[in-house]
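Student: sequence first, then the predicted structure:
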Amino acid sequence: MTVDAASVSYSEQADALPVAGGLLISSDDDIDLVSASIELETPDAKDSLEFGTAPWGGTSSAPYNSNNRMMTITGDENYKAYEAWLQDVRFKNMDDRPTTGTRVVKFTAGGLLSSTS
C-alpha cells in the first residue's frame with residue numbers, strides 16, 4: 001500500500017478533508033481483501049475520521065471510535081474497492097481552538113486472498 005505523504009492543512013470547524021486521496025494499493029495479481037482499518041495514532045480531543053459507504057456494501061464498525069481511535073470495514077472484495085473506500089476517509093476537528101500539532105493516520109489492509117476469477 002502506498003500513501004501520499006503530503007500534508008493536509010485543516011481550518012478550525014471546516015468541512016472534513018480527505019486524509020489520503022492519493023492512497024494506492026498495488027498488486028501484481030487481482031487480489032481480494034477481507035478487511036481494512038484506519039487508526040488516528042496522535043489524536044486531539046475533538047478529532048474524528050469520517051468515511052463514506054463502502055462501495056460494495058461491506059460491513060463497517062461504528063463510525064470513528066474515539067476510544068480506540070479506529071474504524072474498520074470488512075467484506076471479501078477486490079483490492080480496488082478497498083482502495084476507493086480508504087481514499088474517501090476524511091479528517092475533521094470540531095474544537096473552536098484545535099491544537100496545531102501533526103496527526104498521524106495509520107492504514108492497514110489485511111486478509112489478502114488469491115482471486116479465482
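Tutor: Arrived safely. Numbering: from 1, shown residues only.
Student: poorly predicted segments of this structure, please.
Tutor: Applying pLDDT under 70 to the chain flags the ranges 1-7, 52-63, 111-117.
Student: which stretches of it form helices?
Tutor: For the chain, the helices defined by DSSP state H occupy 79-87.
Student: can you count the residues close to the closest residue to Tyr79 other than its chain neighbours?
Tutor: Distance criterion Cβ to Cβ, 6 or more residues apart in numbering; nearest residue to Tyr79, sequence neighbours excluded, is Ile25 at 4.8 Å. Bear in mind the C-beta positions are built from the backbone N, C-alpha and C, glycine included. Applying other Cβ atoms under 10 Å, we find 22 residues neighbouring Ile25.
Student: same question, Lys92
Tutor: 17.
Student: related to what we said a few turns ago, from Thr108, how far off is the residue nearest to Tyr79?
Tutor: 11 Å (Cβ to Cβ, to the nearest Å).
Student: now for those two: what residues contact both?
Tutor: Applying Cβ atoms under 8 Å, 6 or more residues apart in numbering, one finds that no residue jointly contacts Ile25 and Thr108.
Student: isn't Thr102 up against Glu41?
Tutor: No: the criterion here is Cβ atoms under 8 Å, and Thr102 misses it with Glu41 at 10.3 Å.
Student: between those two, who's got more neighbours?
Tutor: Taking neighbours as other Cβ under 10 Å, Thr102 and Glu41 compare with Glu41 leading, 10 against 7.
Student: need the contact list for that one.
Tutor: Contacts for Glu41 (Cβ under 8 Å, 6+ apart) come out as Arg69, Arg103, Val104, Val105, Lys106.
Student: kindly reformat those residues as a markdown table containing distance to Gln87.
Tutor: Converted to a markdown table, those look like this (distance: Cβ to Cβ, whole Å):
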| residue | distance to Gln87 |
| --- | --- |
| Arg69 | 20 |
| Arg103 | 18 |
| Val104 | 18 |
| Val105 | 13 |
| Lys106 | 15 |
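Student: any of the residues you listed buried? List them.
Tutor: By neighbour count, with 16 or more other Cβ atoms under 10 Å, these hold Arg69, Arg103, Val105 as buried.
Student: fine, thanks again, bye for now.
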